[in-house]
Structures are given as C-alpha cells and as structure tokens.
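Generate a structure from the sequence data that follows.
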Amino acid sequence: MTQTVQDIAAALGAKAFGAVDLCVTGLSEPARAGANDLALAMSPAYADALSQGAARAAVVWAGADWQALGLDAAIEVPRARLAMAALTQMMDPPVQSTGLSPHAIIDPTAKLGRDVSVGHFTIIGADAQIGDSCVIGNHVTVEAGAQIGAQSQLHAGVRIMRAVQIGQRCIMHPNVVIGADGFSFVTSALSNVEIGRRTLGKTPFEAPADPVQHRIHSLGGVLIGDDVEIGANSTVDAGTIRATHVGNGTKIDNLVQVGHNVQIGEHCLLCAQTAVAGSARIGDRTVLGGKSGVADNLTIGTDCVIGGAAIVLSDVPVGSFMMGYPAQPMLIYRARERHLRQANIRHKAVSKPDTTP
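Got it, this is the predicted structure:
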C-alpha cells in the first residue's frame, strides 16, 4: 500500500520532517530497507543499521538527528511499540470478501448477515448466526446454533462448536477450537487425587475397585466478548453448566488451553503455552506469561502479572507480580533465588579441594 510520509505521520499523530510528500510502499528493518521502504529505526540502537540499507525515510526516536542519519524524511514517535501497532495496521491490506463459496455447505436455517464471506469446504450448521461483514475462511466448522458477531474473522480450520457465542470484531487464527467438551471425569468412589487432597498425601494410594472414569458432559458453551483475538491452535473448552467466558478485548496467544468454566476478564493477555485449569477466575487486565499455569478453582485478581513459566497454586491478590514455582511475589522470588545462588557459591568454595603443595 502506497502512503506519503505526511499521511503516515498524521495517522500516527506524530511529527514529520523533510520531504514529507515522499511515498513509501512498505515497512522494513533499517538494514534491509529499500528506497521505497519506510525503515523502522525507533531507537538509537538502529542508527548504524540505517547506513546499511537504502531507506530514504524512517520512523525515528524522539530527538533523533534524522539528517545526520542520511534520510530525506523522518517521522518522530515518542512510543515505538504503540506506533508499530498503528503502522502495521495501516500497511496491512484489508481482508477482502470473496462471497459464498460454491463448495461451502450452509444449512438453509442458518442466518447470514450482509457482506459475509464463506470459504471453500466450510460447514455452517442449522440455526447458526453469522453477523454482517464476517469473513469465514476455508475448512471452517460453525456448529448448529453458534453465533458469530459482526466483522469477525475465522481463519482456516477454525472449529466453533455448539452453544458458542462470539462477539464483534473478533479474530480466530487457524485451527482454533472453541467449545469442545471440558476435561471433566469422575469415578464412582473417591479417586486417588481426592484422597490425596483430603489427607495431604499421608494415605498410601491403592488400586480402586472401580477405575472407570465417567465423563461429565459440557452443556454450558462458551461466551466470548467483543474484540477478542485467539491465536493458532488454542482451545477454549465449554463450561459444564454455565458458559466459559472470555471478556472484551482479551488477547490469547498460540497454543493456549483455557479449561471449562474458566472466567477471564477484560483486556487480559494470555501468552503462548499458558494453561488455565477449570473454574479458575482471571481478573481484568491480567497478563499470564508464556508457559505459565493456573490450577483449578483459583482466583487471580485484576491488574496482575504472572511471569513466564510461573505456576499459580493459590489465589493471587489484586495488583500482584508473581514468579516461580509455586508462584510467589516477585521480590520474594528474586530474594530466594539470590540466596540460593550465594549458598551454591559458598558450597563450591568449601568443597573445592586444597591443591596447595
């Protein structure tokens, strides 16, 4: 997409300098930039890389001497990552509607809004509702009675099961599964897990008389708010009786598992390989770092940060920064790690053999 430097700066609410009528056709890293690219040199660390590329225009850090950097034009931004959000959105071609594929199977009772696109080999079940301007990709399944809000995008291979409601402007990346049954089973007598919890592991486990696991069916479905984005190969399981809920504006990365009955607040971030066990509650604006885990039936308060690979085994108060396994406040975790390192150093010093002749 071709844009002038001035137009880009205006869209960013930023200042433009030099030949502001210069046109650019794409974004690039400074060292790889061509003459028609807008180089992204948003901190002094990229100054040297500009000389390796051929960019005539760049997005630069506040106070940069753009002329000394050999540029004909520059856009100065105070917050680089925020500028990146606007820039990439501006330069990304919009998804085009292709209409209804003749290879799609759409139940006659399904209700499709205006300007809906449905890809090849997609199946839309009975009484499903697809809002205006939705783009449904190839090989997608929308089960009977599911609802998709206006302007949402379902990429290739997405599976939307029964009793699922998805809000407006949501994005489901390839192979997302929303509304599969939760992992919920019960034995006729107390299981070893239940016995272990009651006795705190003091009672030895024995083989049960009846080991059969009876599946508890998930009837509650999933409710997803507006402006939610869910990454490739992630899953959100259906609730048992009440719906599993994902709040407005929440973003979920690739390979994330959200268990049955989980309640996730608004504007949360769940990073890759995070797992949230059944019936956990995650407060608004909370961030779960990559590979973190939350045990079942716990509550994490609003405005919390759970560090990467941290495992939450107890409730977390509002506004906490937790790290480690088991997760604990960051300052306590770092102090413990420091003491362990110091103790290890002292141990090595004491155990080192004396080689003095």
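
can you map out the helices along the stretch 51-200 of the chain?
80-91, 192-199 (DSSP state H, counting those that start in this stretch).

mind listing what's buried in the last one?
What it means is helix 192-199. For helix 192-199, the buried set under the neighbour-count rule, 16 or more other Cβ atoms under 10 Å, comprises residue 195. The way it works is simple: take the backbone N, C-alpha and C, and place the C-beta from them, glycine included.

Check which helices and strands the longest helix along the chain sits against.
In the chain, with assignment by DSSP state H, the single longest helix is helix 330-351. Applying 3 or more Cβ pairs under 8 Å, 6 or more residues apart in numbering; DSSP states H and E, one finds that helix 330-351 contacts strand 321-323.

what's the strand it packs on packed up against?
So strand 321-323, by 3+ Cβ pairs under 8 Å, 6+ apart, packs with strand 305-306, strand 328-329, helix 330-351.

Same list, the helices of the stretch 51-200 of the chain, but as a markdown table with distance to residue 7 please.
Formatted as a markdown table, those follow (distance: least, Cβ to Cβ, whole Å):
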| stretch | distance to residue 7 |
| --- | --- |
| helix 80-91 | 9 |
| helix 192-199 | 60 |
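
got the ones you listed as JSON lines, with distance to residue 215 and mean pLDDT columns?
JSON lines is the format used below for the helices of the stretch 51-200 of the chain (distance: least, Cβ to Cβ, whole Å; pLDDT from 0 to 100):
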{"stretch": "helix 80-91", "distance to residue 215": "43", "mean pLDDT": "91"}
{"stretch": "helix 192-199", "distance to residue 215": "16", "mean pLDDT": "91"}
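
Could you list the low-pLDDT ranges of the chain?
352-357 (pLDDT under 70).

Need phi/psi at residue 45.
Note on residue 45: backbone dihedrals following degrees, to the nearest 10 are phi -60, psi -20.

Report how many residues lie close to it.
Residues lying near residue 45 (other Cβ atoms under 10 Å) number 10.

buried set for the longest helix of the chain?
Buried residues in helix 330-351, counted by 16+ other Cβ under 10 Å: 330, 333.

Could you list the residues in contact with it?
Outside helix 330-351, the residues that touch it by Cβ atoms under 8 Å, 6 or more residues apart in numbering are 307, 321-324, 328.

Stretch 186-201 now?
For stretch 186-201, contacts defined as Cβ under 8 Å, 6+ apart pick out 203, 205, 208-214, 216.

what do you get if the cut-off is 6 Å, keeping everything else the same?
Stretch 186-201 has contacts (Cβ atoms under 6 Å, 6 or more residues apart in numbering) with 203, 205, 210, 214.

possible to save the residues you listed as TSV with neighbour count and distance to residue 4?
Formatted as TSV, those follow (neighbours: other Cβ atoms under 10 Å; distance: Cβ to Cβ, whole Å):
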residue	neighbour count	distance to residue 4
203	11	74
205	11	71
210	9	74
214	10	66
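
hmm, back to that, the helices and strands packed on strand 321-323 into CSV, with extra columns for distance to residue 3?
Below are the helices and strands packed on strand 321-323 laid out as CSV (distance: least, Cβ to Cβ, whole Å):
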stretch, distance to residue 3
strand 305-306, 36
strand 328-329, 46
helix 330-351, 42
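
CA atoms only for stretch 54-73 - export them in CSV, please.
Extracted in CSV, the C-alpha atoms of stretch 54-73 (Å, rounded to 0.1, in the frame of the first residue of the first chain):
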residue,chain,number,x,y,z
ALA,A,54,18.8,2.2,1.2
ALA,A,55,15.8,3.8,3.0
ARG,A,56,15.1,7.5,2.3
ALA,A,57,12.5,7.8,5.0
ALA,A,58,12.3,6.3,8.5
VAL,A,59,10.4,6.3,11.7
VAL,A,60,12.9,7.5,14.3
TRP,A,61,13.1,8.1,18.1
ALA,A,62,12.3,11.4,19.7
GLY,A,63,15.2,13.9,19.2
ALA,A,64,17.0,11.9,16.5
ASP,A,65,19.2,13.9,14.1
TRP,A,66,17.5,12.4,11.0
GLN,A,67,19.5,14.5,8.5
ALA,A,68,22.8,13.2,10.0
LEU,A,69,21.4,9.7,9.5
GLY,A,70,21.3,10.4,5.8
LEU,A,71,17.5,10.5,5.5
ASP,A,72,15.3,12.6,3.2
ALA,A,73,12.3,12.4,5.5
